[in-house]
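*Asks:* This is a predicted model, with the sequence first.
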Amino acid sequence: MKNDMHYDIIADIHGRFDKLTALMERLGYTREVEGFLPPAGHRALFLGDLIDPKPGHPSPDGVRDTLRAVKAMCDRGDALCLMGNHEYNAIYFHSKGPDGKWLRIRGSKNIAQHQGTLDDFPDYDDPASEWQQVWIPWMKRLPFSLDLGEFRAVHACWHPEHLRVLEGKSLEDPDFFLACTVKKSREYEAIEAVLKGIEVPLPEPHFFIDHTGTIRKQFRARWWEAVSNGRVCSDLVFPSNSQIKDWPVNDEARQMFQPYNVDATPVFVGHYYKPANAAFYPERHNVACLDYSAAVDGPLVAYRWKGEQRIKAENYIGHS
Ligand SMILES: [Mn+2]
């Protein structure tokens, strides 16, 4: 099927409505009372992680403004939006299980990660609040992936086996909703991979320190790669990280990969916080991560897809 629609694909906004506004203007969208109207023949596609700005961000009410804009565009048929791991986490942060306990622990680390969103919705625990009435139900309806035939999109990792588990499923289904919270269930494993990516355990006793100062014993991987015997951790870490050395990748980790075929249609993801100064260039001719750390000091980037089967550097547009 030939797709005549052009898609402007935008990854992790993280409440930076200031950057979103600048980007949409550059893309020729016009400001509406809510959201933006696309130029003729265009539609926006958001790859999730609309919420949860970093502490000290300069965009008060940015989460609320971003959510309202994206939902209004989706409601008009001018945009599609996928779920990111931050929406997923937020839904469980605000939901209780059958035992009456919060399904995502309200500990200091989880609160800190979500604080920028809570600040925009201070009455979040009130069942009558906008947060509870509008945004939790809306986020629950977001799809996990999109396959338009001519291209694909997902928040973190296109993994056909895990995507099959999620096919036709929604967090609105109460059984599925709870199954996702059971560690090691196939639903849990599928969500983890698709929304958070493949994380490879480092061989003992190795570790690295991430940008928040946290000790990590596993790293985010180039999930699209074929992992043959000789591949080492430094080959597979994404984005590249000089702390990760040429340590061996164990068999168990190798089995987590389902390589993305070089002949497959393009796939777009967000999630990975590429460095703010990274080149506007795909990871491979058919794999592109569009997250350039707009949540911190990086540009918010759109990829303007016009039907091409090889991703082109000239179709990237930054917000400034
Ligand atoms: Mn993410």
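*Replies:* Okay, I see it.

*Asks:* When you work out contacts or count neighbours from here on, use the C-alpha atoms and nothing else.
*Replies:* Will do.

*Asks:* Quick one, grab the pLDDT at D4.
*Replies:* At D4, the model reports a pLDDT of 86.

*Asks:* G41 is in contact with that one, correct?
*Replies:* Yes: at 7.5 Å, D4 and G41 qualify as touching, with contact defined as Cα atoms under 8 Å.

*Asks:* Who are the contact partners of the residue positioned nearest the centre of the chain?
*Replies:* A centroid search over the chain (Cα atoms, centre = their mean) returns H155, at 3.4 Å, as the residue closest to the centre. When contacts are counted by Cα atoms under 8 Å, 6 or more residues apart in numbering, H155 touches 11, 47-48, 82-85, 144-145, 194-196, 269-271.

*Asks:* if we go to 7 Å?
*Replies:* Shown in contact with H155 (Cα atoms under 7 Å, 6 or more residues apart in numbering): 47-48, 83-84, 194-195, 269-271.

*Asks:* what ranges of this structure fall below the confidence cut-off?
*Replies:* 1-3 (pLDDT under 70).

*Asks:* Pop the domain breakdown of it in here.
*Replies:* What the record gives for the chain is the domain set 6-197+266-318, 199-256, from automatic domain parsing.

*Asks:* and these, which is most packed in?
*Replies:* Mean neighbours per residue, mean count of other Cα atoms under 10 Å, is largest over the domains of the chain for domain 6-197+266-318, with a mean of 19.

*Asks:* what ranges do the strands span in the stretch 1-150 of the chain?
*Replies:* Secondary structure of the stretch 1-150 of the chain (DSSP state E, counting those that start in this stretch): strands located at 6-10, 30-31, 36-37, 42-46, 79-81, 145-147.

*Asks:* Quick check: which of the ones you listed is nearest to G56?
*Replies:* strand 6-10 (23.0 Å; Cα to Cα).

*Asks:* What segments of the stretch 151-300 of the chain are strands?
*Replies:* When assigned using DSSP E, counting those that start in this stretch, the strands of the stretch 151-300 of the chain occupy the ranges 152-154, 199-201, 208-209, 215-216, 218-220, 267-269, 287-289.

*Asks:* what are the pairing partners of the fifth one, and which direction each?
*Replies:* Here strand 218-220 has these sheet partners by DSSP bridges: strand 199-201 (antiparallel).

*Asks:* residues making contact with the partner strand?
*Replies:* Here strand 199-201 makes contact (Cα under 7 Å, 6+ apart) with 217-221, 253.

*Asks:* got a markdown table for the contacts of H155, with distance to V63 too?
*Replies:* Shown next, in a markdown table, are the contacts of H155 (distance: Cα to Cα, whole Å):
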| residue | distance to V63 |
| --- | --- |
| L47 | 15 |
| G48 | 13 |
| M83 | 15 |
| G84 | 14 |
| V194 | 23 |
| L195 | 20 |
| V269 | 21 |
| G270 | 18 |
| H271 | 17 |
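
*Asks:* quick one: contacts for Q132?
*Replies:* Residues near Q132 by Cα under 7 Å, 6+ apart: Y124.

*Asks:* now it: how far from D4?
*Replies:* 37 Å (Cα to Cα, to the nearest Å).

*Asks:* and what of L80?
*Replies:* According to Cα to Cα, L80 and D4 sit 16 Å apart.

*Asks:* ok, now G197?
*Replies:* Per Cα to Cα, G197 is found 31 Å from D4.

*Asks:* What of T30?
*Replies:* Relative to D4, T30 is positioned 21 Å away (Cα to Cα).

*Asks:* now the helices for this structure?
*Replies:* Remark: helices assigned in the chain by DSSP state H are 17-26, 62-75, 85-93, 108-120, 130, 136-140, 160-166, 174-179, 186-196, 233-236, 251-254.

*Asks:* okay if I get these as JSON lines plus distance to N261?
*Replies:* Listed next are these as JSON lines, based on distance: least, Cα to Cα, whole Å:
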{"stretch": "helix 17-26", "distance to N261": "32"}
{"stretch": "helix 62-75", "distance to N261": "31"}
{"stretch": "helix 85-93", "distance to N261": "25"}
{"stretch": "helix 108-120", "distance to N261": "35"}
{"stretch": "helix 130", "distance to N261": "43"}
{"stretch": "helix 136-140", "distance to N261": "31"}
{"stretch": "helix 160-166", "distance to N261": "11"}
{"stretch": "helix 174-179", "distance to N261": "30"}
{"stretch": "helix 186-196", "distance to N261": "17"}
{"stretch": "helix 233-236", "distance to N261": "16"}
{"stretch": "helix 251-254", "distance to N261": "16"}
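
*Asks:* Out of these, which is closest to A264?
*Replies:* With respect to A264, and counting by Cα to Cα, the nearest of the helices of the chain is helix 160-166 at 12.1 Å.

*Asks:* Spit out the contact partners of N229.
*Replies:* The contact partners of N229, by Cα under 7 Å, 6+ apart, come to none.
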